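**Student:** I would like to see how this sequence folds:
(chains A and B)
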Amino acid sequence: MSSLTRRVFDLRKAANFSNVNCIQKRNTVWPSNYIKPLATEQLTEVKQQSPEEFEKLKFVPVIAAPNHVSSSLFYNRTFDQFLKVIMRDGDKWKAIDGMRMALFEVKRIQLKKYRQAKSDEERAAIELNPLTVFEKAIENCKPLMITQKIKRGGATYQVPFPIVEKDSTFLAMKWLSDLILFRPKPRSEVFHIAMAKEIVNAYNNEGKVVKKKIDLHKLCEANKAYAHYRWS
Amino acid sequence: MKHVGVDHIDSQYFVLPKSANDALFKLSGWRQNHKQMFEMFEETAIMVRKPFHDLLNYLSRTDFERPVNRYVLYGEFGNGKTFTLNHFLYHCFLNRFLIVHCSSPYEWVFTPQETAQSEWKSGRIDTPVEATIALKTFKDQNAALLSELDLRTSKKYTWSLRETTEEGEPLLNLIDYGLNRMKKASDCYAVLLKEIKHWANEGKIKVSVIGDVVNVLYLGESKVLNPDKTTAEMDNITIARAFTKMLRNDWKNGLVVVAVDSSDSFRDKVGRLTGERFGPDLPKYLLTEKGFQDLDPFIPIKVDKYTENEFENCLDYYIRKNYVNHPAAKTEMGRKEIKFMSAYNPLEVYKFCWLL
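**Tutor:** Presented below is the predicted three-dimensional model:
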């Protein structure tokens, strides 16, 4: 099954089975008597509120917890996802260190702006939390539509396609990481500074990644006459 | 002995005046990440901690007629040895000590910018750039005191056929000569330290010798190459040799405060968090046999991790300075998590807050 047909199949499936539980049951490997995993804090809550239920929970089989779940207060899903995109050769610590330094640089840039601001209104508008800046930057890079090549009558057309949330998030992250990782040599800036500048630019709706997104949108707009190739 | 400027409150932040910071730590003293931090906070704030009070205690009970006391600061990487040293340096500056400060001896022996053969003695190696920086640092740190005391050379020094420094010339002339003639800077620094030792023995001045990471000077071989491509010994590098002589106790009217540190690159983050030690932090191991013989007897002072109170003050300061903005970091659970993750290590607290 090609990626295109799979995507269409997915969309149809989503349209037909609006009840989410229905889909999950079809693909799940877990029997129906298994319950969802609970964090330690949630378990203590249950224990305090209803001890009887807690006693029952002791003997119920549990579904394995997803890899990305964390009970840390400072956990950020976007940051964690981005680490997986930017990681090379399975070197997670390298990715973590580089990105932590980059976000620290973001904080320094924002703090510098904060110090230079003159009025209170200006100061209130500046976001100092680097994780929030990063989330907003990724949000600004997400494309709403993409184009795919389709061959019709010996010619290939760039046909606009809708895109699901997950894929558009991945594309935004991929563009950002590729731009910094494969920046032209000789490199004037080290990784974390180049990355920080690009993140701040994307946060302000400027920069190369946002431009790439806008160009893609323009291409989709120009090629909207080919849209019917999607189904015919 | 009466001290000036000891009205600091324990485990509170003390702000170093900007003028003093410029005079004392313009060329050396703070590392790159320290400077970054001060630039971010717009002030040079140091926490007043137990090792600093220990040093003051010892200082107030010192008999300066006896051979110099040596104090060795030790502790885990990131616990604040450099901060304690620099805080104490400022205290010495207030109390009119002549300061001999070496903040980065690893630059002298591992990564000198230039090397040249000494004209004074064959086999010795000069590091002109590092020596000039050391001379300039000395001049900046003691500018007021030098002009006031009017120290003069005790001997005649012949640099070359035409250039000499006569007996009875001011020490400032000697320093200026070294600054102008970079080729002679290393020898000049060695002579300067010799003169300081002489005048301290005479009782004219009080000297405080302060050195960071001095254990690199006792590692045996440097990374500097001789003309025949063999690595030079530490003792053959002129300024390193001169500085290690200051650490011995064959003189009086002074004090020596040094810190020893293991290389941070050997350390494992996970190991530190779980409380395991990777390589000992104790001075006897770090100084090696030679260094230990040189410095023995010394007074060890441990620089420990944050206490509960110090940690709270630190985080409050970070929040006040807009360094920590994450809403969860301002709750009690968030603080608990930072405590757990950083294991009360000051540097780790700072690093953990990069993302918050």
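**Student:** tell me the contacts of B:Glu221?
**Tutor:** Counting by CB atoms under 8 Å, 6 or more residues apart in numbering or on different chains, B:Glu221 touches B:231-234. Any C-beta I mention is one placed from the backbone N, CA and C, and that applies to glycine too.
**Student:** Let's see that with 6 Å instead.
**Tutor:** Listed by CB atoms under 6 Å, 6 or more residues apart in numbering or on different chains, the contact set of B:Glu221 reads B:Thr231.
**Student:** For chain A, see how far away it is.
**Tutor:** 31 Å (CB to the nearest CB, to the nearest Å).
**Student:** How much space separates that residue from B:Pro105?
**Tutor:** According to CB to CB, to the nearest Å, B:Glu221 stands 15 Å off from B:Pro105.
**Student:** burial measure for the closest residue to B:Ala116 other than its chain neighbours, as a count.
**Tutor:** Closest residue to B:Ala116 apart from its sequence neighbours, by CB to CB, 6 or more residues apart in numbering or on different chains: B:Asp126 at 4.7 Å. Using other CB atoms under 10 Å in any protein chain shown, B:Asp126 is surrounded by 26 other residues.
**Student:** B:Asp126 contacts B:Thr238, doesn't it?
**Tutor:** Yes - using CB atoms under 6 Å, B:Asp126 is in contact with B:Thr238, at 5.4 Å.
**Student:** list residues touching both of these two?
**Tutor:** Residues touching both B:Asp126 and B:Thr238 (CB under 6 Å, 6+ apart): B:118, B:186.
**Student:** thinking again about what came up before, next, the residue nearest to B:Ala116: phi, psi?
**Tutor:** Taking degrees, to the nearest 10, you get phi -100, psi 150 for the backbone angles of B:Asp126.
**Student:** pLDDT weak spots in chain A?
**Tutor:** A:1-26 (pLDDT under 70).
**Student:** which helix is the longest one in the chain?
**Tutor:** Using chain A. helix A:92-116 (DSSP state H).
**Student:** hm, I was asking about chain B
**Tutor:** helix B:185-202.
**Student:** For that one, buried residues please.
**Tutor:** Neighbour-count burial for helix B:185-202, counted by 16 or more other CB atoms under 10 Å in any protein chain shown, picks out B:185-197, B:199-200.
**Student:** Could you give the number of residues near the nearest residue to B:Val216 once chain neighbours are set aside?
**Tutor:** Nearest residue to B:Val216, sequence neighbours excluded (CB to CB, 6+ apart): B:Tyr106, at 4.9 Å. Applying other CB under 10 Å, we find 18 residues neighbouring B:Tyr106.
**Student:** Could you export stretch B:311-322 as PDB, CA atoms only?
**Tutor:** Taking C-alpha atoms only, stretch B:311-322 is exported to PDB below (Å, rounded to 0.1, in the frame of the first residue of the first chain):
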ATOM      1  CA  PHE B 311      19.300  26.100  48.200                       C
ATOM      2  CA  GLU B 312      16.100  28.000  49.000                       C
ATOM      3  CA  ASN B 313      17.900  31.300  48.900                       C
ATOM      4  CA  CYS B 314      19.500  30.300  45.600                       C
ATOM      5  CA  LEU B 315      16.200  29.500  44.000                       C
ATOM      6  CA  ASP B 316      14.600  32.600  45.400                       C
ATOM      7  CA  TYR B 317      17.400  34.700  43.800                       C
ATOM      8  CA  TYR B 318      16.900  32.900  40.500                       C
ATOM      9  CA  ILE B 319      13.200  33.600  40.500                       C
ATOM     10  CA  ARG B 320      13.700  37.200  41.500                       C
ATOM     11  CA  LYS B 321      16.200  37.700  38.600                       C
ATOM     12  CA  ASN B 322      13.700  36.200  36.100                       C
END
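**Student:** Can you name the residue of the stretch 201-350 of chain B nearest to chain A?
**Tutor:** The nearest approach of the stretch 201-350 of chain B to chain A comes at B:Ala328, 3.9 Å away (CB to the nearest CB).
**Student:** typo on my end, it should be the stretch 101-250 of chain B
**Tutor:** For the stretch 101-250 of chain B, the residue closest to chain A is B:Thr111, as judged by CB to the nearest CB, at 18.9 Å.
**Student:** now swap in the stretch 51-200 of chain B and tell me
**Tutor:** For the stretch 51-200 of chain B, CB to the nearest CB, closest residue to chain A: B:Gly78, 15.7 Å.
**Student:** Helix or strand next in line after the one helix or strand in chain B whose mean pLDDT sits lowest, which one?
**Tutor:** Every helix and strand of chain B was ranked by mean pLDDT, DSSP states H and E. The lowest is helix B:269-273, at a mean of 51. Sequence order places helix B:283-295 as the next helix or strand after helix B:269-273, per DSSP states H and E.
**Student:** what pLDDT, on average, does the helix or strand containing B:Ile210 get?
**Tutor:** Using DSSP H and E, B:Ile210 sits within strand B:207-211. For strand B:207-211, mean pLDDT is 92.
**Student:** I'd like to know which elements the helix or strand containing A:Met173 is packed against.
**Tutor:** Using DSSP H and E, A:Met173 sits within helix A:165-181. Under the contact definition 3 or more CB pairs under 6 Å, 6 or more residues apart in numbering or on different chains; DSSP states H and E, helix A:165-181 sits against helix A:77-86, helix A:207-222.
**Student:** Just the C-alpha atoms of that helix, please, in CSV.
**Tutor:** Taking C-alpha atoms only, helix A:165-181 is exported to CSV below (Å, rounded to 0.1, in the frame of the first residue of the first chain):
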residue,chain,number,x,y,z
GLU,A,165,-1.7,17.3,12.9
LYS,A,166,0.9,14.6,13.6
ASP,A,167,2.5,14.8,10.2
SER,A,168,2.6,18.6,10.2
THR,A,169,4.3,18.6,13.6
PHE,A,170,6.9,16.2,12.3
LEU,A,171,7.5,18.3,9.1
ALA,A,172,8.0,21.5,11.1
MET,A,173,10.6,19.7,13.4
LYS,A,174,12.3,18.0,10.4
TRP,A,175,12.7,21.3,8.6
LEU,A,176,14.1,23.1,11.7
SER,A,177,16.5,20.3,12.5
ASP,A,178,17.7,19.8,9.0
LEU,A,179,18.3,23.5,8.5
ILE,A,180,20.7,23.6,11.5
LEU,A,181,22.3,20.2,11.1
